[in-house]
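A.B. asks: Here's my sequence, what's the structure:
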Amino acid sequence: MSYMITHVLRNECPNCHKGKVLDEKNIFLTFKFPKMHKECSECGFKFEKEPGFFFGAMYMSYGLTVAQGIATYCIAQFFFEKNFDLRIIPIIAVVIIAFSFFNIRLSRLLWIYMFKNYSS
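C.D. replies: Sure thing, here's the model as predicted:
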């Protein structure tokens, strides 16, 4: 399991772990829409199984965004006197916007890894 997480964070092919899924080398600090390869340059593994395959990755991205919002609230509440101060909302919004480009990449990589055939 920990090897899978390192492969996902390194943007590696789920089949051979040598080729790259996304066109960028660094998935963390890129503020543009991701460009994906159609298939792995090393083993030929096809990343998009069918048209609309990555619509499911939107749900993964939504889950990541909700988790980041809850984590931000839990951390930020210690800096305010009330349990729910309205000044927390802009802080949560900034964190969600800052992580949005990373979430797109991470959710697509996780989606590809979820539907890889592990029996072979």
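A.B. asks: could you check the distance from the spatially most central residue of the chain over to I89?
C.D. replies: By CA atoms, centre = their mean, the chain has its centre lying nearest to L106, at 1.6 Å. According to CB to CB, to the nearest Å, L106 and I89 sit 24 Å apart. (Each C-beta comes from the backbone N, C-alpha and C, glycine too.)
A.B. asks: ok, now which ones touch the residue nearest to the centre of the chain?
C.D. replies: V8, I27, S61, L64 (CB atoms under 8 Å, 6 or more residues apart in numbering).
A.B. asks: Tell me the buried residues in the longest helix seen in the chain?
C.D. replies: Looking across the chain with DSSP state H, the single longest helix is helix 88-114. Buried positions in helix 88-114, judged by neighbour count with 16 or more other CB atoms under 10 Å: 88, 91-92, 95-96, 99, 101-113.
A.B. asks: number of nearby residues for I27?
C.D. replies: Around I27 there are 21 other residues, counting by other CB atoms under 10 Å.
A.B. asks: Would you mind measuring from the closest residue in space to it that isn't next to it in sequence to K116?
C.D. replies: Nearest non-adjacent residue to I27, counting by CB to CB, 6 or more residues apart in numbering: R105, 4.4 Å away. In this view, R105 and K116 are 17 Å apart by CB to CB.
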